[in-house]
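Chemist: Next one to model:
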Amino acid sequence: MIRVALVDDQAIVRAGLARILSPADGFDVVAECADGQEAVERLPALRPDVVLMDVRMPRLDGIAATARLRDADDPAAVLVLTTFGEDDVLWGAIEAGAAGFVLKDSSAEELIAAVRAVAGGGAWFDPGVAPRVLDHYRRLVAPAAREGTRLELLTEREHDVLRLMARGATNAEIAATLFVAEATVKTHVGSIFSKLDVRDRAAAIVYAYDHGVIAPGAAEQ
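Modeler: Here you go, the predicted structure:
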């Protein structure tokens, strides 16, 4: 069972998410929180696998709550709930350590796939979000900072792993594709983070998009 925590200030939204993420599909909703502050206070002790995080909430918003949860020991993956027009939150969520984004109007099947992906160590960028994340990155980062690339530091196998990561593959899926152990994939992923100077999977995927490893919208979800 994938242990999930729901963080949203609207009870009706939490109820709808809980109905979708049912035990029949392999999910156990271990907590529901009405705002980011409650999430920060309760969730580290509950140790969910995935936190489904709204952005606009009282007391502590989803971006700040994501950053605090990601600083905890053995942090859960955070999947941010966003609407199509919330471009201003995308980069902040990546910098806070979110594993990905799912649109609030996504289908039940898409939501289930997103939660499973990040629970398995993957990242999830809704096709409607990924190109705008990249555009925001390009506007914020000075062109000179993007002229050089660290991709030449990667080995051929690390290039393979990064390409699969950028397509949304989990560590287990990468291992199966490359015929290696999952522990080997984790080692490659850690090396990629270090060589690209990124903090997590979502940031590595943005880097891969921006440097032509994979085109935005090409993720195989």
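
Chemist: and the gap between the nearest residue to residue 120 once chain neighbours are set aside and residue 96?
Modeler: Spatial nearest neighbour of residue 120, excluding adjacent residues (C-beta to C-beta, 6 or more residues apart in numbering): residue 170 at 3.3 Å. In this view, the C-beta of every residue, glycine as well, is placed from N, C-alpha and C. Residue 170 sits 21 Å away from residue 96, going by C-beta to C-beta, to the nearest Å.

Chemist: repeat for residue 109
Modeler: 27 Å.

Chemist: Of the two, give the one with the bigger neighbour count.
Modeler: Comparing residue 109 with residue 96 by other C-beta atoms under 10 Å, the one with more neighbours is residue 96, at 24 against 9.

Chemist: Do I have it right that the more buried one meets residue 71?
Modeler: No: counting by C-beta atoms under 8 Å, residue 96 stays clear of residue 71, with 9.7 Å between them.

Chemist: And stretch 71-87, what's buried?
Modeler: 75-82, 86 (16 or more other C-beta atoms under 10 Å).

Chemist: Cross the residues you listed against helices and list the overlap.
Modeler: Under the assignment DSSP state H, those contribute nothing to helices.

Chemist: wait, which of those is closest to residue 48?
Modeler: When the buried residues of stretch 71-87 are ranked by distance to residue 48 (C-beta to C-beta), residue 76 comes first, at 4.9 Å.

Chemist: who's in contact with that closest one?
Modeler: Contacts for residue 76 (C-beta atoms under 8 Å, 6 or more residues apart in numbering) come out as 5, 43, 47-51, 69.

Chemist: Next step: the residues you listed restricted to helices.
Modeler: 43, 69.

Chemist: By neighbour count, which of the contacts of residue 76 wins?
Modeler: For the contacts of residue 76, neighbours tallied by other C-beta under 10 Å; top is residue 51, 29 neighbours.
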